[in-house]
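*Asks:* Structure of the sequence below:
(one chain, ligands or ions: 1)
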Amino acid sequence: MTSTLQISHLTKRFGGVEALADVSLSLAPGMRVALLGHNGAGKSTLMKIVLGLIPFDGGKVTVCGAAPGSAAARAQVAYLPENVAFHPALTGAEQIRHYLALRGQDPAGAGDLLARVGLGQAAGRRIGTYSKGMRQRVGLAQTLIGKPRLLVLDEPTSGLDPVSRRDFYALLDGLAAEGVAILLSSHVLTEVEARNDLILILSGGRLVAEGSLTDLRQQAALPVALRVTPAGDEAAALAEALPEARAGRDGILHLTCRQDQKLPLLSRIAGLGARVADLDLVPPSLEDIYSHFSRRDGQ
Ligand SMILES: Nc1ncnc2c1ncn2[C@@H]1O[C@H](COP(=O)(O)OP(=O)(O)OP(=O)(O)O)[C@@H](O)[C@H]1O
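*Replies:* Residues are numbered from 1 along each chain as shown. Predicted coordinates:
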């Protein structure tokens, strides 16, 4: 299948600063990719290059087979910045009608676009009365004008509450299911866990990790934590049977083990039978994995 976005060995320097070094990635239609990285890691530079806003020094970039910034590429890519600004006195429908007219499209399509992002009911209200989540959805409706094949979203859910974030990602899921490729950056690491097919970690302009969350977990090989709750008055007996555990004030026993020791340890705990009331397995979070890769790169 032809890639929607193809980047090979991309390099970009600003004077003496190497903003991107040997970055390669490929987005197939319908793929959702999250770009993570510390401040100055190179996320915005990468997005600007994909949008054709700045030139690059080395490597190759194609957007739907065309050079970034070319008319062919621009027709296929849409961008949503972190903070969208619309005219507060215009209604959602007026604002989208305006953008449709600017793109030479029928303004009557505004209603459908707003309904698509869940703003059908609010289309006739002034944007000044919208919440931040609603304004972000107006932004998403704007990006959908012209049916782009690639969405570039710069921290699209920053400042949104958990419910608005979930709703926003549900919209992206629907678009991805229709074949739209999505490249988004985020600092809210926990939210990208379940919502993306591929996670990329940039550090100092280099891609230091790439994969699904499962791949990254395996590559990082961080310890797994277990919490064992003793049954009734079995705390002392359980602590004796699990001498490597640390007992918390609440009586719960805390253990950690390497990934490859997880199953033997679970089977040992299962063998303790009725002495165990409950068991929780806590895998390393994306925050842990992210710090692991960023630290490894000296950040
Ligand atoms: N126009 C510019 N001129 C000089 N240096 C720049 C320019 N734009 C970016 N840089 C440098 O390139 C590096 C990458 O910056 P970039 O803005 O891409 O990072 P980022 O990951 O988007 O960071 P943030 O999360 O803070 O937005 C940084 O060292 C930055 O200072």
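
*Asks:* what residues are up against the closest residue to Arg126 other than its chain neighbours?
*Replies:* Once flanking residues are discounted, Arg126 sits nearest to Thr91: 5.6 Å by C-beta to C-beta, 6 or more residues apart in numbering. Where you see a C-beta, it was placed from the backbone N, CA and C, and this is true even at glycine. With contact set as C-beta atoms under 8 Å, 6 or more residues apart in numbering, Thr91 has these partners: 123-127.

*Asks:* if you set the cut-off to 6 Å instead, what comes out?
*Replies:* Listed by C-beta atoms under 6 Å, 6 or more residues apart in numbering, the contact set of Thr91 reads 124-126.

*Asks:* Then Val33?
*Replies:* If you count contacts by C-beta under 6 Å, 6+ apart, Val33 has them with 27, 183, 198.

*Asks:* And for Leu150?
*Replies:* For Leu150, the contact set (C-beta under 6 Å, 6+ apart) comprises 4-5, 76-77, 181.

*Asks:* Need the per-residue pLDDT for it.
*Replies:* pLDDT for Leu150: 97.

*Asks:* do Gly146 as well
*Replies:* We have a pLDDT of 87 for Gly146.

*Asks:* Let me know the distance separating the closest residue to it other than its chain neighbours from the ligand.
*Replies:* By the measure of C-beta to C-beta, 6+ apart, the closest residue to Gly146 outside its immediate chain neighbours is Arg103, 5.9 Å from it. According to C-beta to the nearest ligand atom, to the nearest Å, Arg103 and the ligand sit 28 Å apart.

*Asks:* ok, and the most crowded of the contacts of Thr91?
*Replies:* Among the contacts of Thr91, Arg126 has the most neighbours (other C-beta atoms under 10 Å), with 16 neighbours.

*Asks:* Could you check how far Ser3 is from Ala19?
*Replies:* 23 Å (C-beta to C-beta, to the nearest Å).

*Asks:* Same check on Gly30?
*Replies:* According to C-beta to C-beta, Gly30 and Ala19 sit 29 Å apart.

*Asks:* Tell me which of these two has more neighbours.
*Replies:* More crowded of Gly30 and Ala19, by other C-beta under 10 Å: Ala19, with 25 against 17.

*Asks:* Can you show me the helices along the stretch 1-150 of the chain?
*Replies:* Using DSSP state H, counting those that start in this stretch, the helices of the stretch 1-150 of the chain run over 43-51, 71-74, 92-102, 110-116, 132-143.

*Asks:* Can you add distance to Leu207 and mean neighbour count and give these back as TSV?
*Replies:* Formatted as TSV, the helices of the stretch 1-150 of the chain follow (distance: least, C-beta to C-beta, whole Å; neighbours: other C-beta atoms under 10 Å):
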stretch	distance to Leu207	mean neighbour count
helix 43-51	10	22
helix 71-74	22	15
helix 92-102	34	20
helix 110-116	33	19
helix 132-143	25	22
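
*Asks:* With mean pLDDT added, can I get those helices in a markdown table?
*Replies:* Shown next, in a markdown table, are the helices of the stretch 1-150 of the chain (pLDDT from 0 to 100):
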| stretch | mean pLDDT |
| --- | --- |
| helix 43-51 | 95 |
| helix 71-74 | 94 |
| helix 92-102 | 95 |
| helix 110-116 | 92 |
| helix 132-143 | 90 |
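
*Asks:* domain parsing for this structure?
*Replies:* If you go by automatic domain parsing, the domain ranges for the chain are 5-218, 223-283.

*Asks:* Tell me the spacing between the residue nearest to Thr256 when sequence neighbours are not counted and the ligand.
*Replies:* Leaving aside its sequence neighbours, Thr256 sits nearest to Pro223 (C-beta to C-beta, 6+ apart; 4.3 Å). In this view, Pro223 and the ligand are 29 Å apart by C-beta to the nearest ligand atom.
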